[in-house]
Each structure stands twice: as structure tokens, then as C-alpha cells.
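> heads up, no residue letters with this:
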């Protein structure tokens, strides 16, 4: 076929093996990622069978004949799931998990967006960088370190008590972590303190990609800064916010195990005994590995259902979704 004058030259299509040979280094890099995913994400899924076994012992190798011959749990393997629903701690554990997660979804998801919008309006570059650096620095500290700091600050003679006493709010020191009624608030606020600046980075990146000519046109039309935020900035970052919201809903049953583990104690257990802590204590202290695996699998199934529902809802509302 002859090529017309104004058309680009036709590029012959290369075969799969030719492209594979030309991109061999990229393919090796991709292959390493696939191997890592298989080893750490897919092969361990074989261990899900533990949740359906009558009684699994940690000394039993997963791929051994002994594991295969271990009898299945009653009720077609679902006995452990039924036991969890009947457990006296079920409602308390689910209430604590959902309570903390919903509060984090309300405050710790929305406030980074507000913080990013406000920080974007700061015109002093040095002050803006200083605030951003200070707010995302706690992200790089582990919860073991931050837990020790918070335990000291929230003690009877800690920093917070001294400040509250000097301000006249308290007459004497209070051991905040010893009272269950304070635990949810401490968890949400400390998580916000640690992740506010880091969570705002992705929204600042989305804001930086907005066409500046839109703002110039809005200024010509006499739009105020608040009007520009409402009509330009928010709609422009809406897809990013939607994706982050879907992921947040999918992780609704994840209450940050590391954080709860370092902050909980027997005194605040009525409000700190969340699903992850319950699984940990059941497996590591109670040695009930099959029961703990069943609870973990239940959590994963619920998380997938929540992710799917959030994805479908956002797809219908603003045509943005993960899949």
C-alpha cells in the first residue's frame, strides 16, 4: 500500500519475541516484582486453609502430610467463624473497631484535604516549606517511639497534665491512658498528629497539577480565593479524593495495629480491644491459631465487600473508580 503525502510513515509491528529481546532489562525488573508478589502475597494464601481446620498447631508444616490429614472443623469447616459470632467479645470488639475507624474516616481523612487546601494558599514559600516539613516529620517515627512519647506526655505528671493544670482546666494530674473513655480520642488525635502532613502530600501534588490558566481566568471574572477553591481546586482534585476514599473505606476494619498495640493496657482494654488486637491475643497468647485465622479471614472478606461497595458507589456518583 502506498503512503499518502501528509500521513506519517507506517511502522512495522514487531513480534512479541523481538520486543521481549529489546526490552529484556525492563522485563527482568518486572519479573522480580512478580516473583516477590508470588512469594509474599499469593503463596501465603494457602495458609487460609488453617481457618477451616479443626485445630492447627504451629509446629505442623503447611505442606506436610500431617497438615493435609488434620481434620476439618465442624459445620463443613465453618465452626470457627460461628464461634466468633457467638463469642462474648464479638460485639465489643466490632464496636471498638468500627468506632475508631469511623472517627478516623471522618477526621483523619478530611482534615488532610483541608490542610492541603490551606497550605496551598500560603504565599510565603519559606513558611510553607517549614510547616510542611514539621507536619510530615512524625510520619517517619515508628509507633514504638511515638507510643513511648505519648505514654510519658499523658501520664499523671506528663506534659499535657502540666499544661492543663496551669491553664486551670484540671486540679490534679490524670493518667489518660488508664481511662477507657479517653482511648478513642487519644487514638484518633495521635494518628492525625502522625499522618496529617504526610497524607496531605498527595493532595498537594494533585493541586500542583491544576492548570494555572483556570485561576487566572477566575481572577479576571472577579472570583475570590474561596470561590476559586470551591469551583476550581476541589473539582480538580475530586478524582484523587475519590480514590483515597475508596481505599480508606476498604481499610475500615484496619485500626492501625501498631498504634493500638503500644497504647493499649489492661485498664483501657474495654475500649482498646479491637479486631487486630483480638486476633493477636487469640493466636499468640491463646494458641488458638485456627480460630485466629478464621477471624482474620472474616476481616479480609468484609474489607473486600466494603471496597467493592465504595467503588461501585463512587463510580455511579462521579464516574471515578478503582476498577
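Looks like it came in fine. As the structure is a prediction and not an experimental result, all values here were calculated from the model.
> which ones are touching the nearest residue to residue 192 once chain neighbours are set aside?
Counting by Cβ to Cβ, 6 or more residues apart in numbering, residue 108 is the residue found nearest to residue 192 once chain neighbours are left out, at 5.0 Å. Where you see a C-beta, it was placed from the backbone N, CA and C, and this is true even at glycine. By Cβ atoms under 8 Å, 6 or more residues apart in numbering, the contact list for residue 108 reads 188, 191, 192, 195, 196, 199.
> return the distance of residue 108 relative to residue 218.
31 Å (Cβ to Cβ, to the nearest Å).
> number of residues surrounding the spatially closest residue to residue 232 that is not a sequence neighbour?
Spatial nearest neighbour of residue 232, chain neighbours left out: residue 214 (5.2 Å); criterion: Cβ to Cβ, 6+ apart. Residues within reach of residue 214, counting by other Cβ atoms under 10 Å, total 15.
> sec struct for residue 214, please.
helix (DSSP: H, G, I helix; E, B strand; the rest coil).
> gap between it and residue 19?
For residue 214 relative to residue 19 (Cβ to Cβ), the value is 40 Å.
> list of residues touching stretch 197-206?
With Cβ under 8 Å, 6+ apart as the criterion, stretch 197-206 contacts 108, 112-113, 115-117, 119-120, 132-139, 236-237, 240-241, 244.
> ignore what I typed, I meant stretch 72-90.
Here stretch 72-90 has contacts from 51, 52, 53, 54, 273, 278, 290, 291, 293, 294, 295, 298, using Cβ under 8 Å, 6+ apart.
> just those: which are in helices?
Counting by DSSP state H, those place 278, 290, 291, 293, 294, 295, 298 in helices.
> compare those and tell me which has the most neighbours.
residue 294 (27 neighbours).
> can you name the helix or strand that the closest residue to it other than its chain neighbours falls in?
Spatially, and ignoring its direct neighbours in sequence, residue 294 is nearest to residue 80 (3.5 Å; Cβ to Cβ, 6+ apart). Assigned by DSSP states H and E, residue 80 falls within helix 79-86.
> nearest spatial neighbour of residue 50, chain-adjacent residues omitted?
In space, residue 50 is closest to residue 293, 4.2 Å off (Cβ to Cβ, 6+ apart).
> so that neighbour makes contact with residue 46?
No - using Cβ atoms under 8 Å, residue 293 is not in contact with residue 46; the gap is 11.8 Å.
> show me where the stretch 51-200 of the chain has helices.
65-69, 79-86, 90-103, 109-120, 125-136, 143-153, 159-166, 180-208 (DSSP state H, counting those that start in this stretch).
> so can I have a markdown table of those helices showing mean pLDDT?
A markdown table is the format used below for those (pLDDT from 0 to 100):
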| stretch | mean pLDDT |
| --- | --- |
| helix 65-69 | 77 |
| helix 79-86 | 93 |
| helix 90-103 | 95 |
| helix 109-120 | 94 |
| helix 125-136 | 91 |
| helix 143-153 | 93 |
| helix 159-166 | 90 |
| helix 180-208 | 94 |
